[in-house]
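**Q** Sequence and predicted model, in that order:
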Amino acid sequence: MSTVSAPPAAGTTPAAGPPPRRRRPLVQRILGKNPLGWLFGAPYLLFVLVIFAYPLCYAVYISFFDYFFAAPGANVNQPFVGLDNYVQVFTDPAVLQSFLNVGIFLIINVPLTVILSLVLASGLNSITRFRTFLRVSYYVPYVTASVAIIGVWLFLFSGDGLVNHILGPLAPNPTWFVNPWLAMPTIAIYVTWKQLGLYILLYLAALQNVPQELYESASTDGAGRVRQFFSVTVPGVRPATVLVLLLSTITGANLFTEPYLLTGGGGPDGHSTSPVLLIYQQGIQQGHPGYAAAIGVVLVVLVLIIGWLQNRFAGGRD
Amino acid sequence: MRTRRTALHRAALAVVTAGIVAGTLAACGSGGGGSSDAMKAHGPITIWYSNNEQEVQWGKSMVSAWNSAHPKEQIKAQEVPAGKSTEEVIGAAITAGTTPCLVFNNLPAATGQWQKQGGLVDLSKFSDGAKYIEARSGSAADQYKSSDGDYYQMPWKQNPVMIFYNKAIFAKAGLDADNPDLSTYSSFLAAAQKIKDSGAAPYAIYPAPTSEFFQVNFDYLPLLAAQTGGKTFIENGKAAITNQDALDVANFWKTVYSDGLAGKEQYQGDAFADGKAAMAIVGPWAIAYYGDKIQWGSVPVPTKDGKAADQTYTFPDAKNIGMYSSCKNQGTAWDVLKFATSQEQDGKLLDVTGQMPIRTDLATTYASYFSSHPDYKEFGDQSARTVDDPTGSNTIAQMQALRDAYSKAVINGSGSVEDAFKAASDKIDKLQAQK
């Protein structure tokens, strides 16, 4: 790390020390060597500030108030409440239940997403027939609106739906979406299936960068297909794996549409309520956006911690 | 050198960040209030009405009648913009300052919240405000007063809910299809069991078993109103769900679910129309909706020991009219509100939509309508005995607390009703204490 050198001591010969440094203009010192770079970066910077930074800062701010949305010019009282909203977050059984629910969701959804998308991407990368058809097939659920697909899943997993007909006496009772133990896992499987197309696409792109020579060398050394997968493919797509982990965790933590529609607002008995569904209920429906913001801030912090851990342990040192 | 430059960069970023925070703080520091001048101002206004086909028809006709007589105070009307619900659209519009002058679709339970937001005009502040409202709606207007004793909504129309039953299914189950005995809990349960056992329909009744706050209005609260003789879940500022009547209602529904007489799964479609359920809890809108597709009959909701129809209360499923503080010409808006709730316009509303204006002497004022539409007569009679949700600033949160307890103990049968409702009662009281 460079540091600013001390000025030459009085009485020393200037020629012996480093050449005298000319003081840079103030504008250049603030804006850097290439001020034009700020101009080019300005649209994106502005976008980030307006769309992400401002709402996030605002959410943190209102989480310390008994805040509610008021009409412009309305004279309303929104007192500062300190950490009250946060205390409530950590003592409200409904909020704790929602974090547990989303934890269960992530434990099922994230590993399943990584494993299935990598295996399927590897398969799709090696086959030659029906390649395009299969790639499109996996991608279709991702680009289809959740609202449209949910009706099909409700039909499949209803009490007298196709899945239970196939399972016969093994069908769960109560059935999937009204069973406290199965509602969230079923949602996790639904979301895994729906999002798989995107992650397969990411892995397919990453697989193009794994040198073919590595597979040939491994083959020469006697490695079979399975060994090649674990020794060449998995390490070769590690950056993509980190991306998939992060993306699936972030989208999973923001789960809303599925419990809102599949289980009719977080049922049964709150076993599929997600923190974002609670944020919606508290902030939009019930007029407590300060409290909703506190739930949101806690969620953001938890996601950041999980993301850091994923990057730390799955991303390696590079 | 690099360290120093980095420090300057950080300082620049800090300035930007400080700007964001300052902007945030400035945005939060808004204050002010409504203008009394606006209450006297006249000019063009905007209104929203429901997207229900019949209400759109009435709305267009009312606007046309007003506009032709008031060229300088024209109404610009549209359906409520699309959203998850009207309440969310209105809530967002209040915050953005984009509400119209009048909305003909206000949920009474949301009124307190919008009032707290500073979004509603206090109608009692008009010189003839309270007098007009009470003259048109009589004692029914009382339940729509806010906690400060003023009116922030004009009672408009209601759909008092009753038990609709499918005569063909009842006949198939061996029940009296013309005069079924559904007045007491025991007779209702016996009939429901017979429907199920006979295979006439998979379920006796199918209220939505989902967790949205408003669903209590269509299963628990109508029966609570009936059992208590016209009370709701908050009385005198306190939760009223742990008394014997309230628990009896909940335990009745718990039996319905535990005996498999009602579905616990979210039904895709209309279970009553599809013949999956023999009964439904609906208002008079259903008469036109089901039309001739189903041969139906209607009876009041049941009570524990049975009550005469003319003594049975229910939930009104009402929608009222709200005037919004963003309105510049509130004088005109008040005139339009009175025009739209005049005897003539109420009569047209009843005629076009079949929904009951919340007015005194409905049956006599519109006697000719009820004589030519006998199907609606029972609903017209029932509309005199309804009890709506409270109008507090936390009513929706309180309804959600009630619904959560109901979902847990009644629909899912997890734990006792008494314990779940006691916990909900505490939560409701806590919310009630909040300003």
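**A** Thanks, I have it.

**Q** Would you enumerate the residues in contact with the residue in the stretch 151-300 of chain A that chain B sits nearest to?
**A** In the stretch 151-300 of chain A, the residue that lies nearest chain B is residue A:264 (2.8 Å; C-beta to the nearest C-beta). The C-beta positions use only the backbone N, C-alpha and C, and glycine is treated the same way. Taking C-beta atoms under 8 Å, 6 or more residues apart in numbering or on different chains as the contact definition, residue A:264 lies against B:208-212, B:266.

**Q** Mind listing what's buried along the helix or strand containing residue A:193?
**A** Per DSSP states H and E: residue A:193 is located in helix A:183-207. Residues A:183-204, A:206-207 are the ones in helix A:183-207 that count as buried (16 or more other C-beta atoms under 10 Å in any protein chain shown).

**Q** about what we covered before: contacting residues around the nearest residue to the residue of the stretch 151-300 of chain A closest to chain B once chain neighbours are set aside?
**A** Spatial nearest neighbour of residue A:264, chain neighbours left out: residue B:210 (2.8 Å); criterion: C-beta to C-beta, 6 or more residues apart in numbering or on different chains. By C-beta under 8 Å, 6+ apart, the contact set of residue B:210 is A:264-265, A:267, B:266.

**Q** so which of those is the most crowded?
**A** In terms of neighbours by other C-beta atoms under 10 Å in any protein chain shown, those top out with residue A:267 at 28 neighbours.

**Q** rewinding a little: of the contacts of residue A:264, just say which sits nearest to residue B:260.
**A** residue B:209 (12.6 Å; C-beta to C-beta).

**Q** separation between the closest residue to chain B within the stretch 1-150 of chain A and residue B:337?
**A** Nearest residue of the stretch 1-150 of chain A to chain B: residue A:74, at 2.5 Å (C-beta to the nearest C-beta). Distance check for residue A:74 against residue B:337: by C-beta to C-beta, to the nearest Å, it reads 21 Å.

**Q** now swap in residue B:298 and tell me
**A** When distance is defined by C-beta to C-beta, residue B:298 is 32 Å away from residue B:337.

**Q** Using PDB, write out every CA atom in the lowest-mean-pLDDT helix or strand in chain A.
**A** None of the helices or strands of chain A scores lower by mean pLDDT, DSSP states H and E than helix A:26-31, at a mean of 79. Coordinates of each C-alpha in helix A:26-31 appear next as PDB, following Å, rounded to 0.1, in the frame of the first residue of the first chain:
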ATOM      1  CA  LEU A  26      -8.600  20.400  -6.500                       C
ATOM      2  CA  VAL A  27     -11.100  19.200  -9.100                       C
ATOM      3  CA  GLN A  28      -8.700  16.500 -10.200                       C
ATOM      4  CA  ARG A  29      -8.000  15.500  -6.600                       C
ATOM      5  CA  ILE A  30     -11.700  15.100  -5.900                       C
ATOM      6  CA  LEU A  31     -12.800  13.600  -9.200                       C
END
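
**Q** and that helix, which residues are buried?
**A** Across helix A:26-31, burial judged by 16+ other C-beta under 10 Å covers A:29-31.

**Q** Could you list which of the residues you listed also contact chain B?
**A** Among the buried residues of helix A:26-31, the residues that sit close to chain B (C-beta under 8 Å from any C-beta of the partner chain) are A:29-31.
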